[in-house]
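Undergrad: structure for this input, please:
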Amino acid sequence: MRKKLSKQGILFLAGGMLYLLVELLWRGYSHWSMFFMGGLCFVLIGLINEIFPWDMALWLQGVAGAAVITAAELAVGYLVNLHLDWQVWDYSDMPLNLMGQICVPFSLLWILVSMAAVIADDYLRYCLFHEKLPVYRLF
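TA: Take a look at the predicted model:
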C-alpha cells in the first residue's frame, strides 16, 4: 500500500508540474492552485487504464479524461473562482459556458490533452516503475 501511494505521489507531482508548464506555454502565466488540479487530474486520468480495459481506444480514453478534467474544473472553479474570488480563470466570454467555469470548446480541447496525459502517464510508469507499456490504438 505504501509503495502504491508513493507511486501515485510521484505521478501527482509530475502531473502538477506538467500542467503548470502547459499553462505557462499556453497563457504565459499560471496560479499555484493549478499545480494541485493538474496533479489530481493526471493521477485520475492515469487510473483510466486501471478501470477500463487496456485495449480501449485512445480517443475514448481522451473523452473519459476530458470528462474528469471538466468535472474537476467545475468543482475547483466553483471553489477558487466563485467562492474564494481568486479569479484563476473565467470562461464567461466563451460559447456554451456554465458559470464561466467550464465551456464546450475547452472540454473538447481536454480530449487532446487527456490523450497526451494517458501516454505520458504510461511512459512514466514504464520508465520509473517498470510497468508494462501498452500498445495504443487510436480508434
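Undergrad: in stretch 47-55, what counts as buried?
TA: 48-49 (16 or more other Cβ atoms under 10 Å). Yep, even glycine has a C-beta here, placed from its N, CA and C like the rest.
Undergrad: that stretch: end-to-end distance?
TA: With Cα to Cα, to the nearest Å as the measure, the first residue of stretch 47-55 is 14 Å from its last.
Undergrad: so in the chain, where's the weakest helix or strand by average pLDDT?
TA: When each helix and strand of the chain is scored by mean pLDDT, DSSP states H and E, helix 48-51 comes last, with a mean of 86.
Undergrad: tell me which other helices or strands that helix touches.
TA: In terms of contacts (3 or more Cβ pairs under 8 Å, 6 or more residues apart in numbering; DSSP states H and E), helix 48-51 is packed against helix 58-77, helix 104-129.
Undergrad: packing partners for the longest one?
TA: Just to be clear, that refers to helix 104-129. helix 2-27, helix 32-46, helix 48-51, helix 58-77.
Undergrad: what is the neighbour count of Leu25?
TA: 9 (other Cβ atoms under 10 Å).
Undergrad: go on, Arg2?
TA: 6.
Undergrad: mind listing what the most centrally placed residue in the chain touches?
TA: Among the residues of the chain, the one closest to the centroid is Cys41, at 3.6 Å (Cα atoms, centre = their mean). If you count contacts by Cβ atoms under 8 Å, 6 or more residues apart in numbering, Cys41 has them with 15, 19, 65, 68-69, 72, 117.
Undergrad: rerun that using 7 Å as the cut-off
TA: Contacts for Cys41 (Cβ atoms under 7 Å, 6 or more residues apart in numbering) come out as 15, 68-69, 72.
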